[in-house]
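# Pasting the sequence and the predicted model now:
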Amino acid sequence: MQFNDRVAIVTGASRGIGRSIAEYLAARGAAVVAVSRNSADTAALVQQIEADGGKAMSVQADVAVAADVDAMIAAVQERFGRVDILVNNAGITRDNLLARMKEDDWDTVLDVNLKGAFLCTRAVARIMSKQRYGRIVNISSVVGQMGNAGQANYCASKSALGGLTRSNARELARRNVTVNAVAPGFIETDMTAGLAEKVRNEMLGQIPLGRFGTVDDVAAAVAFLASEQAGYITGHELSVNGGMYM
Ligand code: NAP
């Protein structure tokens with residue numbers, strides 16, 4: 001898979017899965033736009049990509065804020081003049097049992113994980129439609145498919161990304177823009193690092209492949225759906241979960 005002359009926006013690129021996706025695409029020729037709320041982290045990633053001979057830019061934006069998203073897209077247009085790939089990866093958790101879940105925890109998670117993907121997709125859809133080319137990949141989650149106690153807000157947001165993916169896939173297909181999702185299982189990142197040993201072992205017991213996933217496992221699947229070769233796949237949710245849910 002090569003991405004020469006392709007411009008790829010990756011949200012939540014400062015660490016974890018998003019960073020790995022950005023590195024993977026940049027190493028294969030894409031000009032990468034690394035987005036997060038903390039510009040110092042994404043600036044360091046851009047420096048690294050450029051030192052390796054790649055092209056990248058860092059944009060500080062909160063994907064849940066429409067004005068930030070619009071400014072981010074304007075900056076990308078000015079620098080690169082097109083957008084070929086959007087990876088809606090930025091995501092957060094605010095876990096609690098239903099009875100104890102604060103309204104603010106519900107709203108914040110839905111705002112970042114779901115509304116953020118809507119805002120970014122709406123902003124690039126116009127550009128990709130004009131280009132008659134685009135690849136959009138939403139990062140959902142195995143728990144959006146299975147449900148998970150203590151994560152009603154997170155699971156609802158990830159499940160809803162499936163509906164967003166399929167609706168946008170139908171709407172944009174005629175413009176040669178594909179929209180798919182990747183649903184990771186348990187991946188070793190900051191998001192999962194804080195889990196208790198007991199919970200981790202219970203999770204491991206549910207994974208037929210017998211290991212947790214790596215950020216590179218997810219990046220490879222995202223890159224495939226973002227490639228030209230995946231042009232006849234749209235509205236699909238690809239599980240990268242070691243068989244945890246099938
Ligand atoms: P992570 O290590 O916590 O990284 C999250 C990234 O999102 C960071 O770059 C963060 O940067 C960015 N971010 C958070 N809120 C943002 C906002 N409002 N606007 C812009 N950027 C924002 O998480 P991860 O484990 O890599 O997860 C990445 C994605 O995969 C998420 O959507 C997550 O739900 C999904 N996922 C993860 C797993 C797993 O096991 N790790 C499993 C299934 C799905 P800043 O804080 O600087 O903004």
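Thanks, I have the structure now.
# hey, C-alpha coordinates of the longest helix belonging to the chain in CSV?
In the chain, with assignment by DSSP state H, the single longest helix is helix 152-172. Only the C-alpha atoms of helix 152-172 are listed here, as CSV (Å, rounded to 0.1, in the frame of the first residue of the first chain):
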residue,chain,number,x,y,z
ALA,A,152,-22.7,3.1,28.9
ASN,A,153,-21.6,6.5,27.5
TYR,A,154,-18.5,5.1,25.7
CYS,A,155,-20.4,2.0,24.3
ALA,A,156,-23.3,4.2,23.1
SER,A,157,-20.9,6.6,21.4
LYS,A,158,-19.0,3.7,19.7
SER,A,159,-22.2,1.9,18.7
ALA,A,160,-23.6,5.1,17.2
LEU,A,161,-20.4,5.5,15.1
GLY,A,162,-21.6,2.3,13.3
GLY,A,163,-24.8,4.1,12.2
LEU,A,164,-22.9,7.2,11.3
THR,A,165,-20.5,5.1,9.2
ARG,A,166,-23.3,3.3,7.3
SER,A,167,-25.3,6.5,6.7
ASN,A,168,-22.4,8.5,5.5
ALA,A,169,-21.2,5.5,3.3
ARG,A,170,-24.6,5.5,1.5
GLU,A,171,-24.6,9.3,1.2
LEU,A,172,-21.1,9.7,-0.2
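# touching the ligand at all, it?
No - using C-beta under 6 Å from any ligand atom, we find that helix 152-172 stays clear of the ligand, coming within 6.7 Å at best. No exception for glycine: its C-beta is placed from N, CA and C like everyone else's.
# The strand ranked longest in the chain near the ligand at all?
The residue-count maximum for a strand in the chain (DSSP state E) belongs to strand 177-184. Yes - counting by C-beta under 6 Å from any ligand atom, contacts between strand 177-184 and the ligand involve P184.
# Who are the packing partners of that strand?
Under the contact criterion of 3 or more C-beta pairs under 8 Å, 6 or more residues apart in numbering; DSSP states H and E, strand 177-184 touches helix 116-131, strand 134-139, helix 142-146, helix 152-172, helix 215-225, strand 237-240.
# so which helix or strand takes in A43?
Per DSSP states H and E, A43 falls inside helix 39-51.
# Report the mean confidence score over the longest strand of the chain.
Averaging pLDDT along strand 177-184 yields 99.
# next one: stretch 216-226
98.
# Going by neighbour count, which residues of it are buried?
Buried residues in stretch 216-226, defined by neighbour count with 16 or more other C-beta atoms under 10 Å: 217-226.
# Show residues contacting it.
Residues outside stretch 216-226 that contact it (C-beta atoms under 8 Å, 6 or more residues apart in numbering) are 1, 3, 8, 17, 20-21, 23-25, 28, 85, 87, 135, 137, 139, 178, 180, 182, 184, 187, 230, 233, 236, 238, 240.
# rewinding a little: quick one: mean pLDDT over the longest helix of the chain.
Helix 152-172 comes out with an average pLDDT of 98.
# can you pull the contacts of S239?
142, 145, 183, 185, 245-246.
# Close to the ligand: what parts of this protein are there?
Contact residues (C-beta under 6 Å from any ligand atom) of the chain with the ligand: 11-18, 35-38, 41, 62-64, 89-92, 112, 116, 139, 141, 184, 186-187, 189-192.
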